[in-house]
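Asks: Here is a sequence together with a model predicted from it:
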Amino acid sequence: MSMLHTVNKSPLERNAFDSCLAHTKKGSAILLIEDGVYAAAKGTAASRKLEAAMKEVSVYALQPDVDTRGMQGRLVDGVKLVDYGGFVDLVTQHQGVQSWL
Amino acid sequence: MKLAVLVNEGPYTHQASDTAYQFTKAALEKGHEIFRVFFYHDGVNNGTRLMVPPSDDRNIQKRWTELAEKHKLDLVLCIAAAQRRGLLDDSEAERHGKDASNIAPGFRISGLGQLIEAGIQADRLVTFGD
Amino acid sequence: MTDDIMEGGGKIKKFLYVNRRAPYGTIYALESLEVVLIAAAFEQDVSLAFIDDGVYEIVKGQDTKGTEMKNFSPTYRALEGYDVEKLYVEKESMEARGLTEKDFLVPVQVLTAGEMADLMESQDVVLSF
């Protein structure tokens, strides 16, 4: 089983997203929550980093947080949307959770 | 599964408490057990009984209190963090010579050992913070 | 302060405390250290990781007279007495901040980001503050 990493801050505000990417091993998963969903936005300075990461890790975004911020339809292709129930499933399906704050 | 939740931030200023609440609620709906919700740093401010937020917005403390009551949740405020930030229950208020206590129903004050115990006993511990 | 007496159940888990924030500007460094000290009583397998600005937490020479804040840096030296000896500093974070091992007030093991990622994957409980 692999680790689930969560990121809750915007990549252009804080380096949590970058730090997370530097520590995710192939086959693990990243869930973007709260302001972290901005890391999944298309056409930003951070998008290419996300696209590169997606070759090795699965990337999810919490849909309620995406919708709340009006970012529906603006996300990089391939980011999987989950609700809070999906968040819970991701937690139980991985060996542990690491929160990058 | 047995899950534990750590809330590191206070109400409204950060989304942490909101996300923790929604996560906890979803986990319970899926039939998981919530071993404990532990509040640390400014997270202890979620446990004040004096919160009067605007009526057209969610009441974060009340929500936690009601969820705890419905599901018999163990909501713990760290004693050291609570003392620093002025969250006192009756016995703490008396012990420190304060004229009031302010813990909301459903929350209890206890030591950091409760967080470690949660880490040991639960299958997963999820942190919500800044 | 009294704490409830509880059973750890004899389980030993690997606990990793991830420190990514500088000290004093926020309370996270101090309060996370308090968790580490309490956790020591539970005889778990504890490691501390200093990453990003967290490396500043263990820099020598912290003099808090002027800011009148509590200097809690000596507590890092006391960890050894609590059997908390696994302190890891991330090489890239250290170098990005112009620091070397000589700048730290405790002995540490320096890991690359890749090695740190391996360490993280091997843990049972990861606490972030």
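Replies: Perfect, thanks for sending it.

Asks: got a pLDDT number for the residue of chain B found nearest chain A?
Replies: At 3.7 Å from chain A, residue B:26 is the closest residue in chain B, using C-beta to the nearest C-beta. Every residue, glycine included, has its C-beta placed from N, CA and C. pLDDT for residue B:26: 98.

Asks: What are the contacting residues of stretch C:105-112?
Replies: Contacts of stretch C:105-112 with the rest of the structure, by C-beta atoms under 8 Å, 6 or more residues apart in numbering or on different chains, involve C:50, C:58-60, C:73, C:76-77, C:79-80, C:86-92, C:94, C:101, C:119.

Asks: Where does pLDDT dip in chain A?
Replies: Across chain A, nothing is flagged by pLDDT under 70.

Asks: do the same with chain C
Replies: C:1-9.

Asks: swap the cut-off to 50 and go again
Replies: C:1-7 (pLDDT under 50).

Asks: Just the helices from it, written as ranges.
Replies: C:28-40, C:74-78, C:91-96, C:113-121 (DSSP state H).

Asks: tell me the most buried of these?
Replies: helix C:28-40 (a mean of 20; mean count of other C-beta atoms under 10 Å in any protein chain shown).

Asks: The residue located most distally from the centre of chain B and residue B:88, how far apart?
Replies: Distance from the C-alpha centroid of chain B peaks at residue B:97, with 24.4 Å (C-alpha atoms, centre = their mean). Remark: distance between residue B:97 and residue B:88 (C-beta to C-beta, to the nearest Å) = 11 Å.

Asks: mind listing what the nearest residue to residue C:86 once chain neighbours are set aside touches?
Replies: Of all residues not flanking residue C:86 in the chain, residue C:47 sits nearest, at 4.1 Å (C-beta to C-beta, 6 or more residues apart in numbering or on different chains). Under the criterion of C-beta under 8 Å, 6+ apart, the contact partners of residue C:47 comprise C:14, C:15, C:16, C:17, C:86, C:87, C:88, C:119, C:123.

Asks: Hmm, the second one is touching residue C:127, no?
Replies: Yes. A contact is recorded between residue C:15 and residue C:127 when judged using C-beta atoms under 8 Å, the distance being 6.8 Å.

Asks: Common neighbours of those two, please.
Replies: Residues within reach of residue C:15 and of residue C:127 at once, by C-beta under 8 Å, 6+ apart, are residue B:119.
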